[in-house]
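Q: coordinates for the following, if possible.
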Amino acid sequence: MKVSLFGAEAKKLTPLIESTDGLELVKKKADVIVCFGGDGTLLTAELQWPTIPKVPIRNSRRGIRCIAEPPEEVIQKLAAGELVRTEHLKLTCTVRHSQEDQLKHQFLAINEFSVSTALANSALRFKMELSGKPMGAASDHELIGDGFVISTPFGSTAYFNQITGGVFWTGIGVAFKYTSEHINHLIVPEDAEIVAEITRGPATLAHDNSSNYVNLEEGDRLTIKRHTESAVLLTTEG
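A: All right, here's what the predicted structure looks like:
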């Protein structure tokens, strides 16, 4: 099995990989990526290698998604084929700008997409549809607030949990940031399509822990739905 290492201190695992029968340390065309760090390391690895399974080994005070067992034990289980394959829903977000000269963007996320007002002293205005049905009680269905988060079950322990105080295991989560009207956070089916339009910006789109932000203006539209492929993790338990 060809293995690549990822993480700030991942080189510490080099002797372990090289001395384990059945494993070959490579820099390209790996069968699996061993992530050595915390949850942020895992998210970054998924952004860089979205189609390759990840083995997340904890090397951080924070890392609820990472394996807490000693690296030696995890690597031995990897070589022996004893790790458990788990698949996690991913989301895709397509951004279509109102200005025709701006390129369309598309992103993938294993945790969440977050849209926030870009001005600390000004609320964001937006409209949202869930599978074609508009949200919001106002006659024009416009929502006013600091923004919103669209989360996977995997990411529901992160930002979604900080907003709602809850987590979920199936579906797609929709959480709102300080809207002026009362609106419930939602868990919608995995096949739902979420469309949001910025009616007054500016706003910023972020996803997972990527440093690639997108500026949003009035008329820009986001379409978020389940991606055709899942994120694959190899862990010690299902």
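Q: contacts, neighbours, all on C-alpha from now
A: OK.
Q: helix or strand with the lowest mean pLDDT in the protein?
A: Lowest on mean pLDDT, DSSP states H and E among the helices and strands of the chain sits strand 133-134, with a mean of 89.
Q: I'd like the mean pLDDT over the next helix or strand after that one, please.
A: Sequence-wise, the next helix or strand downstream of strand 133-134 (DSSP states H and E) is strand 143-145. Mean per-residue pLDDT for strand 143-145: 95.
Q: what's in contact with strand 143-145?
A: Ala123, Leu124, Arg125, Phe126, Lys127, Gly136, Phe176, Lys177, Tyr178, Thr179, Ser180, Glu181 (C-alpha atoms under 8 Å, 6 or more residues apart in numbering).
Q: just checking: what are the partner strands of the helix or strand following that strand?
A: Later in the chain than strand 143-145, the nearest helix or strand by DSSP H and E is strand 147-151. Looking at strand 147-151 with DSSP bridges, its partner strands are strand 112-117 (antiparallel), strand 172-177 (antiparallel).
Q: just the CA trace of the last one, in CSV.
A: This points to strand 172-177. Output in CSV follows, covering the C-alpha atoms of strand 172-177 (Å, rounded to 0.1, in the frame of the first residue of the first chain):
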residue,chain,number,x,y,z
ILE,A,172,-28.1,18.6,5.7
GLY,A,173,-28.2,21.3,8.4
VAL,A,174,-29.2,24.9,7.9
ALA,A,175,-28.4,27.3,10.7
PHE,A,176,-29.0,31.1,10.7
LYS,A,177,-26.8,33.7,12.4
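Q: now the helix or strand that it is followed by: buried residues?
A: Going down the chain from strand 172-177, the next helix or strand is strand 186-188, by DSSP H and E. Using 16 or more other C-alpha atoms under 10 Å as the test for burial, strand 186-188 gives Ile187, Val188.
Q: what of stretch 167-180?
A: Val167, Phe168, Gly171, Ile172, Gly173, Val174, Ala175, Phe176, Lys177, Thr179.
Q: ok, now how distant is the fifth one from Asn111?
A: Using C-alpha to C-alpha, to the nearest Å, we find Gly173 at a distance of 11 Å from Asn111.
Q: give me the common contacts of those two.
A: Ser151, Thr152, Pro153, Ser156.
Q: can you tell me the SS state at the last one?
A: Meaning Ser156. Of the three states, Ser156 takes helix under DSSP: H, G, I helix; E, B strand; the rest coil.
Q: ok, it to Ile150 distance?
A: Distance, Ser156 to Ile150, by C-alpha to C-alpha: 9 Å.
Q: any chance of the strands paired with strand 147-151 in CSV, plus mean pLDDT and distance to Thr204?
A: Listed next are the strands paired with strand 147-151 as CSV, based on pLDDT from 0 to 100; distance: least, C-alpha to C-alpha, whole Å:
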stretch, mean pLDDT, distance to Thr204
strand 112-117, 98, 5
strand 172-177, 96, 14
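Q: ok, which of these comes nearest Gly22?
A: strand 112-117 (35.7 Å; C-alpha to C-alpha).
Q: what's the burial count for Ile75?
A: Look at Ile75: counted by other C-alpha atoms under 10 Å, it has 21 neighbours.
Q: identify the residues contacting it.
A: Counted by C-alpha under 8 Å, 6+ apart, Ile75 has contacts Leu16, Ile17, Thr20.
Q: counting neighbours, what do you get for the first one?
A: A count of nearby residues for Leu16, using other C-alpha under 10 Å, gives 15.
Q: again, but for the second one
A: By other C-alpha under 10 Å, 23 other residues sit near Ile17.
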